[in-house]
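Trainee: for reference, the sequence and a predicted model appear below.
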Amino acid sequence: MESRVDLAESLPKLYRAALDAVDELSQLGLRREATSLRERAIRAYSHAWDDRCRETLTKVRHDAKTASISVAARLGRPLPG
């Protein structure tokens, strides 16, 4: 369990990284999936800043990056950004 101070320092960076990954997914044309992931990130970040929030943001970032890599590879395109 991270301390409150650690979470207060790390969550804003993780939130930004999650949103950046979601934006990459959107740029590849998967706007519906991107919207769903963005809503999950916003919902988690706007509630308690705790380990559950960190886990959700980490999963959103991972899911968005995984989907982006898959789509870019299938389309033969480089990843945005």
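Mentor: Sure thing, it's come through.
Trainee: now the helices for this structure?
Mentor: 4-27, 31-46, 51-75 (DSSP state H).
Trainee: same list (those helices) but as a markdown table, adding mean neighbour count.
Mentor: In short, each C-beta sits where N, CA and C put it, glycine included. Formatted as a markdown table, the helices of the chain follow (neighbours: other Cβ atoms under 10 Å):
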| stretch | mean neighbour count |
| --- | --- |
| helix 4-27 | 17 |
| helix 31-46 | 16 |
| helix 51-75 | 16 |
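Trainee: let me have those helices in CSV, adding mean pLDDT as columns.
Mentor: Below are the helices of the chain laid out as CSV (pLDDT from 0 to 100):
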stretch, mean pLDDT
helix 4-27, 92
helix 31-46, 98
helix 51-75, 94
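Trainee: quick one: contacts for the nearest residue to D23 once chain neighbours are set aside?
Mentor: Closest residue to D23 apart from its sequence neighbours, by Cβ to Cβ, 6 or more residues apart in numbering: A34 at 7.3 Å. Residues in contact with A34 (Cβ atoms under 8 Å, 6 or more residues apart in numbering) are 22-23, 25-26, 64.
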